[in-house]
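Asker: turn this into a model:
(one chain, ligands or ions: 1)
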Amino acid sequence: MKESIQAFDYAGHIAKQLQDGQVLLSTRAEKFNSMVIGWGHLGVIWNLPTFTVYVRQSRYTLSQLDRTGEFTISLPVEGRLDKEIFRVCGSKSGLDVDKEKAARLTLAEPEIIRTPGILEAPLTLECRVLYRQDQALPQIPESLRERFYGDAVDFHTAYIGQIVSSYILRA
Ligand SMILES: Cc1cc2nc3c(=O)[nH]c(=O)nc-3n(C[C@H](O)[C@H](O)[C@H](O)COP(=O)(O)O)c2cc1C
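Answerer: So this is what the prediction gives:
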């Protein structure tokens, strides 16, 4: 069952969960895949409600996003992600592992897009990519550039997704 919500009513909760690394970014092209994110934000652009994520070049998720143009954001409503889900989705790559199986995720039928939600992380935002932009490294302050992009190769790409459906999954 899906309980429809207004994503902005959960803005504070989502910001806190991001800081705690308790948010999952899921895609489905060849297969379902999910990764932990700590960077992202809820917002508005072109008068549309959006969720923006930042994905490094080395992530399997990047190629999936570029193929499907959509993603699902999933997070706990109360408490924290199961430790095994956090460990698998935050360290293993979809290139090597089937994370649906390895993290024992229970997938839930999406409402509008093709990428499922996750029962174990029930607050769900279905997003369609509106805009994609590679980071321009020269425009990042030097101290941050050195700290996060020493190799200048594994930079982030920002994806702005329009939130097309938001709900809490109830078992
Ligand atoms: C707390 C935490 C936050 C993370 N945040 C991000 C992020 O915002 N962007 C990113 O590209 N990777 C982030 N990662 C790393 C990915 O979750 C990790 O590399 C994952 O294995 C990538 O999966 P994939 O190769 O299947 O896409 C984070 C990891 C952790 C543990």
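Asker: in this structure, which strand has the most residues?
Answerer: Ordering each strand of the chain by length in residues (DSSP state E) puts strand 156-169 first.
Asker: adjacent strands (with direction) for that one?
Answerer: For strand 156-169, the paired strands and their directions (DSSP bridges) are strand 2-4 (antiparallel), strand 48-56 (antiparallel), strand 123-134 (antiparallel).
Asker: which parts of this protein are helices?
Answerer: With DSSP state H, the ranges of helices along the chain come out as 11-19, 60-68, 83-91, 99-102, 142-148.
Asker: could you identify which of those helices is most buried?
Answerer: Each of the helices of the chain was assessed for mean neighbour count using mean count of other Cβ atoms under 10 Å. The highest is helix 60-68, with a mean of 19. Yep, even glycine has a C-beta here, placed from its N, CA and C like the rest.
Asker: which other helices and strands does it contact?
Answerer: Using 3 or more Cβ pairs under 8 Å, 6 or more residues apart in numbering; DSSP states H and E as the contact test, the elements touching helix 60-68 are strand 23-28, strand 32-37, strand 48-56, strand 123-134.
Asker: will you turn the ones you listed into JSON lines that also has mean neighbour count and distance to E84?
Answerer: Listed next are the helices and strands packed on helix 60-68 as JSON lines, based on neighbours: other Cβ atoms under 10 Å; distance: least, Cβ to Cβ, whole Å:
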{"stretch": "strand 23-28", "mean neighbour count": "26", "distance to E84": "13"}
{"stretch": "strand 32-37", "mean neighbour count": "23", "distance to E84": "12"}
{"stretch": "strand 48-56", "mean neighbour count": "20", "distance to E84": "23"}
{"stretch": "strand 123-134", "mean neighbour count": "19", "distance to E84": "19"}
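Asker: tell me if I'm right that S93 and R59 touch.
Answerer: Yes. Here S93 reaches R59: they are 7.3 Å apart, a contact under Cβ atoms under 8 Å.
Asker: neighbour count winner among these two?
Answerer: Between S93 and R59, counting by other Cβ atoms under 10 Å, R59 is the more crowded of the two (21 against 13).
Asker: surely that one is in contact with K92?
Answerer: No. At 11.3 Å, R59 does not count as touching K92 under the criterion of Cβ under 8 Å.
Asker: which neighbours do the two share?
Answerer: Overlap between the neighbourhoods of R59 and K92 is empty, taking contacts as Cβ atoms under 8 Å, 6 or more residues apart in numbering.
Asker: just want the most central residue of this protein.
Answerer: L25 (2.2 Å; Cα atoms, centre = their mean).
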